[in-house]
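Participant: Structure, please.
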Amino acid sequence: MPTREKHIYILGIESSCDDTSAAILFNGEVLSNVTASQKIHKEYGGVVPEVASRAHQENIIPVVDAALKKAGITKEQLSAVAFTRGPGLIGSLHVGVAFAKSFCLSLGIPMVEVHHMKAHVLAHFAEDPKPAFPFLCLTVSGGHTQIVRIDSPLEHTVLGSTIDDAAGEAFDKTGKLLGLDYPAGPLIDKWAKQGEAKFEFAKPNMPDLDFSFSGLKTSILYFLKKQLKENEDFIEENLADICASVQSSIVDSLMLKLRKAAKETGIQEIAIAGGVSANSGLRTAVTEAGEELGWNVYIPAFQFCTDNAGMIAVAGYFKYLEQQFVGQDVVPVARWKF
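Facilitator: Numbers count the residues shown, from 1 in each chain. The predicted structure follows:
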């Protein structure tokens, strides 16, 4: 039976990759959303799992403490803890899961497991306006790219997903080819605003609503090799145009499938989520498509785009209402199916 409590405080914990985050939710409203990022990974050009898990151990207690203080409550007021069980880096997930288990055991409150990608979708319920059911969500991050149909907070159906690399991975690996720091997505976005999409790259032709970005990465690699043979300063002299062209290619691929999904399902409530939903090119493309096709478009605030505990708390809140709890025997799942 769904709970009928009047005052529900949820502590959300997110530790799936390299951001340690904690949030407090009160009756569905986010009171605080605190994140500690790990800048050290820039030195390696990508996330180092062991380094990430050790940093989570250092950050999780201060981050939870900060979230509680910012929300103006004590830990004794909490109704439950929602935590990311997966998917993600197993070492990083272990830190969040272990903290949630010990914290809940000490307070005598229930635990709620949350699927990281479902939380990205439900991030739209952390603020107004909220999409009506059913709606479609294009979820794009460093590790995932998929179109999901959402019929209720707990009913999600994947309509299409990437068969190889994710869009965010395409951004980051292209950035490495261009000599940009990690994470490269925001830097490509920044340079793209100053350039023109005048270079063409291979466009995937996947069936149905699936995506593929490995061919695009290969096309970019061969293009740069060819141009650098003719002019060793090609990247430096054309960085803005290269970034604009790369971004345009990725956004076009995403929008092609999103338009198709909306047409096939007849759903006009359209949302985007995940780290790449912070990309200005994608945000503009979805907004313009909405104006053209009559969609009701929902784009999350930047704090709810990247990995954050606010979305974990929101997802946990919906499961808490249905009393979907887990026990102390719960373990993290690195590759948890959607």
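
Participant: Return the residues in contact with residue 146.
Facilitator: 117, 138, 139, 158, 159, 160, 161, 162, 211, 338 (C-beta atoms under 8 Å, 6 or more residues apart in numbering). Yep, even glycine has a C-beta here, placed from its N, CA and C like the rest.

Participant: I should have written residue 139 there, sorry.
Facilitator: Residue 139 neighbours (C-beta under 8 Å, 6+ apart): 117, 120, 121, 145, 146, 147, 148, 272, 273, 274, 277.

Participant: so what's the closest residue to residue 204 other than its chain neighbours up against?
Facilitator: Using C-beta to C-beta, 6 or more residues apart in numbering and skipping residues adjacent in sequence, the residue nearest residue 204 is residue 212, 4.1 Å away. By C-beta under 8 Å, 6+ apart, the contact set of residue 212 is 162, 163, 164, 165, 204, 206.

Participant: Put together CSV for these, with secondary structure on each row.
Facilitator: Shown next, in CSV, are those (DSSP: H, G, I helix; E, B strand; the rest coil):
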residue, secondary structure
162, strand
163, coil
164, coil
165, coil
204, coil
206, coil
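
Participant: top of those residues by neighbour count?
Facilitator: When neighbours are counted by other C-beta atoms under 10 Å, residue 162 leads those with 22 neighbours.

Participant: Strands of the chain, start to end?
Facilitator: For the chain, applying DSSP state E gives strands covering 9-14, 19-26, 29-37, 80-86, 111-115, 135-140, 145-152, 155-161, 269-273, 296-298.

Participant: Please identify the deepest-packed of these.
Facilitator: Neighbour counts (mean count of other C-beta atoms under 10 Å) averaged over each of these peak at strand 9-14, with a mean of 29.

Participant: any low-confidence regions in this structure?
Facilitator: By pLDDT under 70, the low-scoring segments of the chain are 1-5, 38, 40-46.

Participant: domains in it, as residue ranges please.
Facilitator: Residue ranges for the domains of the chain, per automatic domain parsing: 9-122+305-321, 130-299.

Participant: can you redo those as JSON lines with distance to residue 329?
Facilitator: What follows is those, written out as JSON lines (distance: least, C-beta to C-beta, whole Å):
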{"stretch": "domain 9-122+305-321", "distance to residue 329": "9"}
{"stretch": "domain 130-299", "distance to residue 329": "22"}
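
Participant: Of all those, which one is nearest residue 332?
Facilitator: When the domains of the chain are ranked by proximity to residue 332, the top entry is domain 9-122+305-321, at 3.5 Å, counting by C-beta to C-beta.

Participant: Just the terminal-to-terminal distance for the closest one.
Facilitator: Domain 9-122+305-321 has an end-to-end distance of 12 Å (C-alpha to C-alpha, to the nearest Å).
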